[in-house]
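1. Have a look at this prediction, sequence included:
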Amino acid sequence: MAKSKALSISAEEKKWRTESDLSTLQRAKEIMADKSRMSAVQSLAKQQLSALSTIVQKNASKPAQSTPVRKLKK
């Protein structure tokens with residue numbers, strides 16, 4: 001199997017991505033400094049973590065199912 005090459009990104013795309021990343025980091029800093037917003041975020045994160053762990057636990061208790069194999073006609 002050949003190794004895949006990374007897609008090249010235009011200078012304009014790199015600039016946009018960098019500006020978007022900066023904006024994201026600025027917003028994250030603002031949220032972390034606001035106690036009530038951070039508390040709400042943590043509460044939601046706990047709810048989602050709980051829901052995801054339920055999914056993981058349900059799937060972990062089930063045995064792995066094999067994919068049926070179709071026999072080729074000779």
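-> Sure thing, it's come through.

2. Identify the residue nearest Ile31 in space, chain neighbours excluded?
-> Leaving aside its sequence neighbours, Ile31 sits nearest to Arg37 (CB to CB, 6 or more residues apart in numbering; 5.0 Å). Every C-beta, even on glycine, is put in place using the N, C-alpha and C of the backbone.

3. How many residues are close by that neighbour?
-> 12 (other CB atoms under 10 Å).

4. okay, it: pLDDT?
-> On the pLDDT scale, Arg37 is placed at 98.

5. State which helix of this structure is the longest.
-> helix 35-61 (DSSP state H).

6. What lies in contact with stretch 16-25?
-> By CB atoms under 8 Å, 6 or more residues apart in numbering, the surrounding residues in contact with stretch 16-25 are Ile9.

7. For the longest helix of the chain, what is the distance to the chain centroid?
-> 14 Å (CA atoms, centre = their mean, to the nearest Å).
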